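In: Show me the folded form of this:
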Amino acid sequence: MKIQTGYLYHIKDEFFKKINNANLMINHENGHSRPSYLAIRDNQILWFIPLSTKVSKYKNIVEHKVKKFGKCKTILIRKIAGREQAILLQNAFPTLERYVQNIHMIDGKIIKVSTYVQKEIVSDLKYLLLLKNRGLNLFFTDIDTIKKIILEEEKLVIS
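Out: This is a model prediction of the structure:
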């Protein structure tokens, strides 16, 4: 399966067991894989950003951050697949293609995020990564440790 920016996917439990990080959003309910993750390809790294349907909860957080800081780049509320969803950039993490379980579908249709929303998400992710490189970490997940683990694993597989 070729993973592409702008599509939604589900991640294998194997990844979460390997990383074993309490800040990763792993929630499997009633036999359905949740959450769905938006993929962003960045060279050999795949970034996955969880989506949540708990929009009212996250709208309150966004409003609080906007009031306090003037903006919020860690959470976006946008329409995806016909309904509002919270895009949780603060919970983004890197992984490899082998940990992707399947593409997310609704009623047999593959879901793709609009180009406009994709560009906004990619821009905000790059901004958050830039801030992190400058010493201000707004990510809940330990992306450096995760990246190190997956890149070392990738070297072992290639060798």
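In: The chain: helices as residue ranges?
Out: For the chain, helices defined by DSSP state H occupy the ranges 13-19, 55-69, 115-133, 143-158.
In: Tell me how many other residues surround K18.
Out: K18 has 15 neighbours, counted by other C-beta atoms under 10 Å. All C-beta atoms are positioned from the backbone trio N, CA, C, and that covers glycine.
In: Setting aside sequence neighbours, what's the nearest residue to it?
Out: Among residues not flanking K18 along the chain, I149 sits closest, at 7.2 Å (C-beta to C-beta, 6 or more residues apart in numbering).
In: Low-confidence bits of the protein, can you list those?
Out: 25-34, 156-159 (pLDDT under 70).
In: For the residue nearest to the spatial centre of the chain, name its beta-bridge partners.
Out: The residue lying closest to the centre of the chain (C-alpha atoms, centre = their mean) is I49, at 0.9 Å. Following DSSP bridges, I49 is listed with bridge partners L38.
In: residues contacting it?
Out: 37-38, 40, 87-89, 91-92, 121, 125 (C-beta atoms under 8 Å, 6 or more residues apart in numbering).
In: Filter the residues you listed down to the buried ones, PyMOL style.
Out: In PyMOL, a selection of the buried entries from these looks like this (16 or more other C-beta atoms under 10 Å):
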select buried, resi 37+38+40+87+88+89+91+92+121+125
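In: Looking at the contacts of I49, which one is closest to K73?
Out: Distance ranking of these against K73, using C-beta to C-beta, places L89 first at 6.8 Å.
In: surely the closest one meets R78?
Out: No: using C-beta atoms under 8 Å, L89 makes no contact with R78, being 11.5 Å away.
In: Which among the helices of the chain is found nearest to Y7?
Out: Nearest to Y7, of the helices of the chain and by C-beta to C-beta, is helix 115-133 at 9.7 Å.
In: just to revisit the earlier point, can I get the helices of the chain in CSV with distance to M105?
Out: Shown next, in CSV, are the helices of the chain (distance: least, C-beta to C-beta, whole Å):
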stretch, distance to M105
helix 13-19, 19
helix 55-69, 21
helix 115-133, 18
helix 143-158, 26
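In: Thank you, goodbye.
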